[in-house]
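Colleague: This is a predicted model, with the sequence first.
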Amino acid sequence: MTGERDAAAARGVSVERFDVPGPLLLTPIVRRDDRGYFLERWRDDVCAAVGLDARFVQDNLSRSRRGVLRGLHFQRAPHQQGKLVSVVRGRVLDVIVDLRRGSPTFLRHLAVLLDDEAHRQLWVPPGFAHGFLALGEVNDVLYKVDAYHAPEAEGGLRWDDPALGIDWGLDEHLGGERPSLSARDGALPTVADGLPDFPYP
């Protein structure tokens with residue numbers, strides 16, 4: 001992460017950019033008092049102000065218990081998806097991998113903690129694989145997507161592919177236990193098995 005911050009002029013949303021071009025981390029203002037809190041989760045004009053050019057067409061919500069790992073997932077062209085990922089309950093380690101051929105950060109990954117306190121949202125552009133490790137007891141992950149789910153275009157990569165070198169922090173987060181995966185995710189291919197042809201930029 002470069003540490004660069006743009007104030008999304010309207011609404012006081014702060015935006016952090018990474019040294020992997022494309023992804024954004026949006027942090028809203030959370031207004032708290034003795035009743036609880038209020039925040040604006042998503043605004044079209046704020047997205048436009050920070051250069052997030054997406055037309056969202058579907059919201060997805062998943063619930064995962066602690067130790068569940070989902071991913072790494074993507075949809076192949078012409079159904080590739082951009083995702084705006086957030087956590088409405090719990091805490092997750094969210095991981096994305098740059099699969100855009102020609103990108104200066106091809107095959108590099110980012111890992112970001114998302115939770116229901118800061119309510120940060122990670123913009124994952126098309127051309128990235130995405131997954132997360134659930135860290136709270138109950139974890140509800142909400143993500144807006146800019147293309148409809150297309151089962152025939154589903155793809156993925158193994159979470160522990162050595163070619164990706166992702167440190168999921170299993171010792172820190174799960175006391176060294178293995179994560180719980182679906183049968184499908186446990187059988188995903190590796191980088192050596194081939195990659196989709198996502199363009200860059």
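Modeller: Arrived safely. The structure displayed is predicted, hence computed values, not measured ones.
Colleague: Every contact and neighbour count from this point should use C-alpha atoms.
Modeller: Noted.
Colleague: list the contacts for residue 128?
Modeller: Counting by CA atoms under 8 Å, 6 or more residues apart in numbering, residue 128 touches 74, 96-100.
Colleague: change it to 10 Å
Modeller: For residue 128, the contact set (CA atoms under 10 Å, 6 or more residues apart in numbering) comprises 22-23, 72-75, 80-83, 95-100, 106-109, 198.
Colleague: Restrict the residues you listed to the buried ones and give me that as a ChimeraX selection.
Modeller: Selection command for ChimeraX covering only the buried members of these, criterion 16 or more other CA atoms under 10 Å:
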select :22,23,72,73,74,75,80,81,82,83,95,96,97,98,99,100,107,108,109,198
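Colleague: What are the boundaries of the helices in the protein?
Modeller: Here the chain has its helices, by DSSP state H, at 44-49, 170-174, 183-186.
Colleague: Dump the ones you listed to CSV, plus mean pLDDT.
Modeller: Converted to CSV, those look like this (pLDDT from 0 to 100):
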stretch, mean pLDDT
helix 44-49, 88
helix 170-174, 94
helix 183-186, 97
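Colleague: closest one to residue 61 among the ones you listed?
Modeller: helix 183-186 (17.9 Å; CA to CA).
Colleague: list the buried ones in the closest one?
Modeller: Those would be 185-186, for helix 183-186 by 16+ other CA under 10 Å.
Colleague: Show me the contacts of residue 128 that map onto strands.
Modeller: 72-75, 83, 95-98, 109 (DSSP state E).
Colleague: Can you report how many residues lie near the closest residue to residue 171 other than its chain neighbours?
Modeller: For residue 171, ignoring the flanking residues on the chain, the nearest one in space by CA to CA, 6 or more residues apart in numbering is residue 177 at 7.2 Å. Neighbours of residue 177 under the rule other CA atoms under 10 Å: 11.
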